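Enquirer: predicted model, plus sequence, below.
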Amino acid sequence: MNAPLLTARDLTLRFGRIAALDGVDLEIHPGEVVAIVGESGSGKTTLLRVLSGLMRPDGGEVSYLGQDVLGMSEAARRRLMRTEWGFVHQNPRDGLRMAVSAGGNIGERLMATGARHYGNIREQASHWLTRVEIDPARMDEVPAKFSGGMQQRLQIARTLVTLPKLVFMDEPTGGLDVSVQARLLDLIRALVADLGLAVLIVTHDIAAARLLAHRMLVMRHGVVVESGLTDRVLDDPQHPYTQLLVSSVLAA
Amino acid sequence: MNHSLVTEGLSKVFRLFLQGDVRIPVLDNVDFSVAPGECVALTGPSGAGKSTLMRCLYGNYGAGAGRILIRHRGAMVDLAAADPRLVREIRQETLGYVSQFLRVIPRIGARDIVAEPLRARGVPAEAAQARASELLTRLNLPARLHNLPPATFSGGEQQRINLARGFAADYPVLLLDEPTASLDPVNRQVVVALMAEAKARGAALIGIFHDTEIRDQVADRLFEVLPIQDAA
């Protein structure tokens, strides 16, 4: 089978007396969707930030296609983040430029990868707005006029337009109404399958993880307590904490 | 022998940590096999572990001990020891599962749910959807329902979607958990015919059938799953 895209070994990070990451190992392969689940404070968002080079661990290694992510220059990491990586933030305001039009938000990322032809960029932006179910007629409006769900879909369009190989998602449905969440999850599911993206998604929503992820890691107190095939982990949990997590979800 | 699937010493104990670390042994040293073109029906009283065995065979429950050998890409592979990516590959190409209940996905229509296993193998959308429509029609699901998400469908309709999904991809090994439970007699016979066709093309079938009439029509052999006496 093919080589992993991203590999992390023995990551450790402490905030004072609290271990945010305690010996975490992780691999993600092309086209694989991996969910990191756990309660607030379990270290899952910290892990995502370390893996994407946004935060330095105290120890351990992260490598992306053989390149040392932690040793990379800031410029090289930013280049990666503009091209082969994408990051979808929980709050769309952290991933969008709120004063720039919807079309501009998408076009800007395309231009960062070398696109120059205005007509093509506009056409691509229109295509991506349609793909994330936003009326392309609203291309010239600023995202501040959009609902939370639309802003999140715009952030996803902006992230995916460059066809990244690896996308980090931090609670992408976090602040949204349940009805909006379902639509967004379904959209993410379809786009990820169509584009064959590798996705590392942090969520505390077990149902979302079941829907989206092939594989799952369960974190508690900075430690990965259990990992494996998503349906195996959820239907036959082996660790006391995973059993608690699964049994705490209300079946709708 | 040239088996499609073999278990050796398969055992499963559930540990329930939230209930004071209770241990519930369900499978103990199960040796089971199924050949291409054969249908084996799991029998035994309710609670004996038939569904647990089935879920272990799919990799949905982890095996506690023993091996689950499945013929995948021409070689016998131990599913019990396979890493998640290999299990996914086996499920995509070799091993299908028709569960009792359909897991509906918001906004996804019946036809797309049925076509999904074929799409995952890289079959073009049109061909996959044509195959899905053909199976849904054969299972007497009216065409006007094919585009609709099945969340509001009846139990029998949802089960037929599950069945169409299970039979769409011509898996070499197919697990069927109560495939005819909520179907009317006409559709039960469609399922019997689908199973017979699968056997004829060399598929190995493993099923749980409470309906003994159906069971006797399709099963070549019975395999009894016996309850384990409480060790305590």
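Expert: Happy to help now that I have it.

Enquirer: mind listing what whichever strand or helix holds residue B:14 pairs with, with the direction of each?
Expert: Per DSSP states H and E, residue B:14 falls inside strand B:5-16. Applying DSSP bridges, strand B:5-16 is found paired with strand B:22-34 (antiparallel), strand B:65-72 (antiparallel).

Enquirer: for the residue in chain B that chain A sits nearest to, what are its contacts?
Expert: Ranked by Cβ to the nearest Cβ, the top residue of chain B for proximity to chain A is residue B:17, at 3.7 Å. All C-beta spots, glycine's among them, are computed from the backbone N, C-alpha and C. Residue B:17 makes contacts with A:239-240, A:243-244, as judged by Cβ atoms under 8 Å, 6 or more residues apart in numbering or on different chains.

Enquirer: next one: residue B:225
Expert: B:27, B:30, B:42-44, B:48-50, B:53.

Enquirer: same thing but 6 Å
Expert: Listed by Cβ atoms under 6 Å, 6 or more residues apart in numbering or on different chains, the contact set of residue B:225 reads B:42, B:44, B:48-50, B:53.

Enquirer: quick one: pLDDT of the closest residue to chain B within the stretch 101-250 of chain A?
Expert: Using Cβ to the nearest Cβ, the closest approach of the stretch 101-250 of chain A to chain B is made by residue A:240 at 3.7 Å. Residue A:240 is assigned 96 on the pLDDT scale.

Enquirer: can you tell me the closest non-neighbouring residue to it?
Expert: Residue nearest to residue A:240 in three dimensions, not counting chain neighbours: residue B:17, with 3.7 Å by Cβ to Cβ, 6 or more residues apart in numbering or on different chains.

Enquirer: number of nearby residues for residue B:226?
Expert: By the criterion of other Cβ atoms under 10 Å in any protein chain shown, residue B:226 has 13 neighbours.

Enquirer: next: residue A:183.
Expert: As a burial measure, residue A:183 scores 18 neighbours (other Cβ under 10 Å).

Enquirer: and if you look at residue B:33?
Expert: Count around residue B:33 with other Cβ under 10 Å applied: 17.

Enquirer: please apply the same query to residue A:115.
Expert: 16.

Enquirer: check residue A:67 too.
Expert: 12.

Enquirer: what does the stretch 101-250 of chain A have sitting close to chain B?
Expert: A:182, A:186, A:214-215, A:228-229, A:231-232, A:235-236, A:240, A:243 (Cβ under 6 Å from any Cβ of the partner chain).

Enquirer: repeat the analysis, applying 8 Å as the threshold.
Expert: For the stretch 101-250 of chain A, the contact set with chain B under Cβ under 8 Å from any Cβ of the partner chain comprises A:182-183, A:185-186, A:189, A:193, A:211, A:214-215, A:228-229, A:231-232, A:235-236, A:238-240, A:243-244, A:247.

Enquirer: cross the residues you listed against strands and list the overlap.
Expert: Mapping these onto strands (DSSP state E) picks out A:215, A:228-229.

Enquirer: as CSV, the residues you listed with pLDDT would be great.
Expert: Below are these laid out as CSV (pLDDT from 0 to 100):
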residue, pLDDT
A:215, 97
A:228, 97
A:229, 97
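
Enquirer: still on that earlier bit, quick one: buried ones out of the residues of the stretch 101-250 of chain A next to chain B?
Expert: By neighbour count, with 16 or more other Cβ atoms under 10 Å in any protein chain shown, these hold A:182-183, A:185-186, A:189, A:211, A:214-215, A:228-229, A:231-232, A:236, A:238-240, A:243 as buried.

Enquirer: in which helix or strand would I find residue B:3?
Expert: Counting by DSSP H and E, residue B:3 is found in no helix or strand.

Enquirer: burial of it, as a residue count?
Expert: 16.

Enquirer: quick check: pLDDT value at it.
Expert: pLDDT, read off for residue B:3, is 96.

Enquirer: residues in contact with it?
Expert: Listed by Cβ under 8 Å, 6+ apart, the contact set of residue B:3 reads B:33-35, B:69, B:71, B:204.

Enquirer: looking at the residues of the stretch 101-250 of chain A next to chain B, which are in helices?
Expert: Judged by DSSP state H, helices contain the following of those: A:182-183, A:185-186, A:189, A:193, A:211, A:231-232, A:235, A:240, A:243-244, A:247.
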